[in-house]
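[1] Structure for the following, please:
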Amino acid sequence: MNTKDLQNNISRRRFLGTAAAGTGAMMLGASALSGWAKNLTKLGTTDLLKREYETDVLVIGGGMAGLFAAVKAHDSGANVVLVSKGRLGSSGQTPFAKGIFAYDATQEEMSIDEFTAQVSASAIGSNNPVYTRQVAAHSLARVKELREWGFFESPLYNKSFTNPIKKRNIPLIERVTITHLIKENGQIAGAAGFSADEQKVHCFKAKSVILCTGAGGFKPNGFPICDLTHDGTIMAYEIGALVTGKEWNDGHGGSAINPAACYDGWHGMFDRKCGTTGIGIRHDLGVDMNYQAYVSGGGKVSMGPGAGNTTVKGGPQKPEGFDRQRRPDGPPADGDNKNRPDGPPPGGKNRKEGGPDGDGGAPPGMGGNMVGGSSAGMSIHKSEGLVPVNDKCESTIPGLYAAGDALGSYMAGAIYTQIGSSLAGSAVQGAIAGEAAAAYSKQIESPIFSEARQQQVREEILAPLKREAGYSPAWVTQTLQGIMIPNFVLYIKKENMLRAALAYVEELRDTHIPHLRAADMHELRLAHETRNMIISAEMKLKASIMRTESRCSHYRLDYPEIDHENWQAWINIYKGDDGNMQFEKQKFGTWPDGSIIV
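    Residues are numbered from 1 along each chain as shown. Just a heads-up that it's a prediction; the model follows:
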């Protein structure tokens, strides 16, 4: 049939319908490329049951921060519920930490003030000194409690974490993914999510909420952070909280052999009991090896701090300006293996209880088997997350607190400074947040969490299950990884590549997030995680474009120098009234309201 016949015999609407049907048939063969497919539901019904809870303090997250938040909130007289996406002490990054920092004033020659000053110098002023002092001041007390609970007796932490929770009869709800924080009348009112094992939606009415949800990445291979996807940060962002720290880069490496094993590529340990570490100021930028890989184009390069033995061929050994970022007493730019620039100084008298000796290297035979990018998408520990408004881990939303890697406390700034300080910081901040949330809860009435709001949240949670067709979250995640993880996008940054990646990420945000599908409860979790990773990727790219300098773990090839005049500031991100992502500077040494940190 020719065009004239079509015009004479088929109406325009009928013609378009026929063309669409033909296009649809052709697209069936292309669906593997697009990721689009029919949603073949595996559930008998998508009308899930609802379970409701009411408490004073809701703790979200079952790692080190969540443990101490729940214990200290309970001990301060509050009713507490602890909910975790995984298993207590067995998910997130906590199971893989094998060193915890403990400052003992009777043993250390350095005072807390001197320690704080050295961290600030190493971090080029990017740390928050209040939280730096806190980890030193309270770490030993937290370690003593952990010892009482049996934490140092096994490389597996579930039993020792369970001991204080059971003793206090704190309700523990595991394998429930929280997807929404609820804000009513300007303050936190609770949260909602769903179970991985049952067809149930869980609604929590709470006077206060503590996010202990960790940080996240783009589900990279190697370093085991694949169940951390910035859930807490994005939930808080959606209700108006300030978040920070997205431009910084973590540099943990992983093992190319048995990557799923409990191996910490930074500390060089397999399945060993946790030990305590003392003061030992490090000066790890987090991107040294990435730069060497970028310029060398060959050799055995393990990207990330503590990556073990490396052989770099050709090219400069360090980005321009990086030597000026190191403290004079830090590892030399070139030297023997004991003081190599990609690892900490050799261990010494602060070695304790069989913990890491500070050499940062891999076990014998592992050096050439390390891989980089294993924590792709994660910032330096404690440098990203919710912006605190005071020294109590309180966010910009009344009643909402955060601790550990969910709090952008800048405890060590945008650089690694001590082995074991991250785990200690999570314990210390969890305890502080728990006590603060309990005190806050005593001062307010029970919040309103209306049935209408519950129904709205319920529909948003279940939307991927009810779509007849859409994009597989696994396919979208793989696409996101291909965009964000390349070394020349995530680690060695320049504006043209950042903007190119941003165009792709915005496409995923606008056309893929609204059409994510899920056939069962597992895919429902993946769909929500994929959404969170995409929004975090947008934050990371835009913050990296905004910071037109190189500082600590953020390196711009087109801006290789530190800009003290314009960038003595943290970048905060918030959701504007129009729904778009907004950015602002917060001057180093100040709180969000502009008052001086003392």
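[2] all strands for the stretch 301-450 of the chain, in order.
    311-312, 370-371, 385-386, 400-402 (DSSP state E, counting those that start in this stretch).
[3] any idea which of those strands scores lowest on pLDDT?
    Mean pLDDT values for the strands of the stretch 301-450 of the chain show the minimum at strand 311-312, a mean of 32.
[4] which residues does I492 contact?
    By Cβ atoms under 8 Å, 6 or more residues apart in numbering, the contact list for I492 reads V287, N290, Y291, Y294, Y555, L557. C-beta here means a position set from N, CA and C on the backbone, and glycine is covered the same way.
[5] Mind doing that once more with 10 Å?
    N249, V287, N290, Y291, A293, Y294, V295, P319, P486, Y555, R556, L557 (Cβ atoms under 10 Å, 6 or more residues apart in numbering).
[6] The nearest residue to I173 once chain neighbours are set aside: neighbour count?
    With Cβ to Cβ, 6 or more residues apart in numbering as the criterion, I173 has its nearest non-adjacent residue at 4.5 Å, and that residue is V83. Other residues near V83 come to 25 when the count uses other Cβ atoms under 10 Å.
[7] Same check on K585?
    Neighbours of K585 using other Cβ under 10 Å come to 14.
[8] Which strand residues bridge it?
    I571 (DSSP bridges).
[9] Now do it, the pLDDT please.
    Confidence score, pLDDT, at K585: 98.
[10] For R556, see how far away it is.
    17 Å (Cβ to Cβ, to the nearest Å).
[11] And for R282?
    Counting by Cβ to Cβ, the gap from R282 to R556 is 23 Å.
[12] where along the stretch 1-150 of the chain do the helices fall?
    Assigned by DSSP state H, counting those that start in this stretch, the helices in the stretch 1-150 of the chain fall at 3-9, 12-34, 64-75, 112-122, 129-149.
[13] now the fourth one: how far from the chain's centre is it?
    The chain centroid and the centroid of helix 112-122 are separated by 25 Å under Cα atoms, centre = their mean, to the nearest Å.
[14] now for that helix, which elements pack on it?
    Helices and strands touching helix 112-122, by 3 or more Cβ pairs under 10 Å, 6 or more residues apart in numbering; DSSP states H and E, are helix 129-149.
[15] in the helix it packs on, what counts as buried?
    When burial is assessed from 16 or more other Cβ atoms under 10 Å, helix 129-149 yields the following buried residues: 129-136, 138-140, 142-143, 145-146, 149.
[16] Tell me the helices and strands packed up against it.
    helix 64-75, strand 99-101, helix 112-122, helix 158-167, strand 275-277, helix 421-441.
[17] Need the worst-confidence member of the contacts of I492.
    Lowest pLDDT among the contacts of I492: P319, 45.
[18] Give me the residue at the spatial middle of the protein.
    Most central in the chain under Cα atoms, centre = their mean is A215, positioned 1.4 Å from the mean C-alpha point.
[19] In contact with K494, which residues?
    Contacts of K494 by Cβ under 10 Å, 6+ apart are F488, S544, I545, Y555, R556, L557, D558, Y559.
[20] Go ahead and list the helix or strand containing the second one.
    So that's S544. helix 521-546 (DSSP states H and E).
[21] The residue nearest to E384 when sequence neighbours are not counted: what's it in contact with?
    Sequence neighbours aside, G245 is the residue nearest to E384 in space, at 3.2 Å (criterion: Cβ to Cβ, 6+ apart). Each residue near G245 by Cβ under 10 Å, 6+ apart is listed here: 126, 215, 233, 379-380, 382-387, 405, 407-410, 414, 539-540, 543, 570-573.
[22] gap between G245 and S379?
    From G245 to S379 the distance is 5 Å (Cβ to Cβ).
[23] Same question for M289.
    Taken as Cβ to Cβ, the span from M289 to S379 is 17 Å.
[24] Any regions of the chain where pLDDT drops low?
    Filtered on pLDDT under 70, the chain yields the residue ranges 1-33, 44-47, 222-224, 254-271, 283-286, 297-372.
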